[in-house]
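Enquirer: this is the structure alone, sequence omitted:
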């Protein structure tokens with residue numbers, strides 16, 4: 001196993017050049033995902049800006065999971081759980097992205113997928129880095145696993161409720177072929 005080291009005051013799992021190169025790409029992708037994900041969530045749904053930011057978020061999450069898998073391949077015992085969380089984050093983002101991309105009716109799968117993806121990404125960050133962050137280092141390990149969900153799920157539920165209120169009643173053909181509410 002390659003020895004861990006401290007770089008800029010932060011513990012890094014390895015000093016191997018390949019590990020550090022993948023880690024640098026991983027950090028850049030993760031930072032991009034955090035910024036674009038939050039920005040997309042705060043912009044008007046369906047606007048060109050929201051769509052552009054959402055696409056950048058999706059690409060960034062893909063890069064995050066691919067680099068997480070590469071880092072896990074280099075240190076499987078230490079990082080396997082992060083790869084699993086990364087795969088969950090990407091799967092949720094994929095569901096949300098494909099729902100919107102295929103023009104499926106309703107916003108719930110899109111909002112839920114993207115929200116859960118963001119929560120999973122932050123969970124991985126805090127599980128991995130929380131023990132080294134001021135204040136977070138005082139929390140029990142279980143809190144690092146649960147706090148992103150405890151904060152993110154109510155925000156996602158609120159977004160789902162707002163989307164339901166903002167959307168007019170959709171019509172669907174009834175048995176006789178005429179449109180009916182619901």
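Expert: Looks like it arrived, so ask away. Model, not experiment: these values are computed from the prediction.
Enquirer: which parts of this protein are helices?
Expert: If you assign secondary structure with DSSP state H, the helices in the chain sit at 17-42, 48-74, 76-101, 108-129, 141-166.
Enquirer: tabulate those (a markdown table), appending mean neighbour count, distance to residue 135 and mean pLDDT.
Expert: C-betas here are computed from N, CA, C, even on glycine. A markdown table is the format used below for the helices of the chain (neighbours: other C-beta atoms under 10 Å; distance: least, C-beta to C-beta, whole Å; pLDDT from 0 to 100):
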| stretch | mean neighbour count | distance to residue 135 | mean pLDDT |
| --- | --- | --- | --- |
| helix 17-42 | 16 | 19 | 94 |
| helix 48-74 | 19 | 24 | 96 |
| helix 76-101 | 18 | 22 | 94 |
| helix 108-129 | 21 | 11 | 95 |
| helix 141-166 | 14 | 11 | 92 |
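Enquirer: contacting residues for residue 74?
Expert: Taking C-beta atoms under 8 Å, 6 or more residues apart in numbering as the contact definition, residue 74 lies against 2, 14, 16, 18-19, 22.
Enquirer: let's see that with 6 Å instead.
Expert: When contacts are counted by C-beta atoms under 6 Å, 6 or more residues apart in numbering, residue 74 touches residue 19.
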